[in-house]
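Colleague: any chance you could fold what I've pasted below:
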Amino acid sequence: MRLYLVRHGRTPSNVARLLDTAVPGADLDDVGHAQASRLVERLDGHHLEAVYASDLVRTQQTLAPLASVRGLEMRILGGLREIQAGDDEMSPAWQRYVGTLTAWGSGDFAAKVPGGEDAGAFFARYDDAVAQIASAAASALLVSHGAALRMWLAARGRGMAIEEIVGRRMGNTTVVTLEGSPETRWEFVDWDEVDHPGEWPVDPGLDAQASDALSTR
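Modeller: Next up is the predicted model:
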């Protein structure tokens, strides 16, 4: 199948660089709503049979214009939500959060922010959500979140160096296109960045050995 993965539009929490990971999360700001509207034109000509969002409102607001124009039902999957920040929710201090993601890449899959989730919990729910999407459509789009998308792509994507996946800018409404399936893995087709700064605060710095560890999940 062809799978389009989209990071949500901009929110006030992005601007303030806050760890906003819990339901319902922040709404889009004016820039984010404009980004969501432009997404309709950016995806013009791309066939879509189904569209999905996480259970955080910013992904649903990002998807709403596209779903409306295409006449597609927006389906909500909680498994697509952001990696949980636990006790650091709404904090501007990202050190423990990014440190947890780096630990996952180094093979410490039990690492987590207190009150958050470990690698096993994250990949189980995200893989399940993608499997549901793959079983329902030959061409689908999902709107999700920066850290979740990067970590899942680093573990499941093929055809792009790990350093590029974790170091490349993923601004709001970036579109990453994959082809494949949960059984055969996912090959990169395109990484469509948009011309505005991203909000990924720190490069986790995963190396090739870390990539090997992460891909076993």
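
Colleague: farthest residue from the center of this protein?
Modeller: Gly71 (23.6 Å; Cα atoms, centre = their mean).

Colleague: most centrally placed residue in this structure?
Modeller: The chain has Leu149 as the residue nearest its centroid, 2.7 Å off, counting by Cα atoms, centre = their mean.

Colleague: neighbours around Asp127, how many?
Modeller: Number of residues near Asp127 (other Cβ atoms under 10 Å) recorded here: 16. Any C-beta I mention is one placed from the backbone N, CA and C, and that applies to glycine too.

Colleague: now it. Nearest residue, chain neighbours left out?
Modeller: The shortest distance from Asp127 to any non-neighbouring residue, by Cβ to Cβ, 6 or more residues apart in numbering, is to Pro182 (6.9 Å).

Colleague: contacting residues around the residue nearest to the centre of the chain?
Modeller: Residues in contact with Leu149 (Cβ atoms under 8 Å, 6 or more residues apart in numbering) are Leu5, Arg7, Met170, Val176.

Colleague: for Asp44, see how far away it is.
Modeller: Taken as Cβ to Cβ, to the nearest Å, the spacing of Leu149 relative to Asp44 amounts to 22 Å.

Colleague: my read: the residue nearest to Asp127 touches Ala134, true?
Modeller: Yes. Assessed by Cβ atoms under 8 Å, Pro182 is found in contact with Ala134 at 5.6 Å.

Colleague: sec struct for the residue nearest to the centre of the chain, please.
Modeller: Following DSSP: H, G, I helix; E, B strand; the rest coil, Leu149 is assigned to helix.

Colleague: that one and Leu5, how far apart?
Modeller: To Leu5, Leu149 is 6 Å away according to Cβ to Cβ.

Colleague: please apply the same query to Leu178.
Modeller: Counting by Cβ to Cβ - Leu178 and Leu5 are separated by 7 Å.

Colleague: find the residues that touch each one of Leu149 and Leu5.
Modeller: Val176.

Colleague: where along this structure do the strands fall?
Modeller: Counting by DSSP state E, one finds strands in the chain at the ranges 2-7, 50-53, 74-76, 139-144, 157-158, 175-181, 185-192.

Colleague: now these in CSV, with distance to Ala119?
Modeller: Output for these, formatted as CSV (distance: least, Cβ to Cβ, whole Å):
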stretch, distance to Ala119
strand 2-7, 19
strand 50-53, 22
strand 74-76, 24
strand 139-144, 17
strand 157-158, 16
strand 175-181, 20
strand 185-192, 18
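
Colleague: quick one: closest of the ones you listed to Gly116.
Modeller: For Gly116, the closest of the strands of the chain is strand 139-144, at 17.1 Å, according to Cβ to Cβ.

Colleague: one step back: report pLDDT for the residue nearest to the centre of the chain.
Modeller: Note on Leu149: pLDDT of 96.
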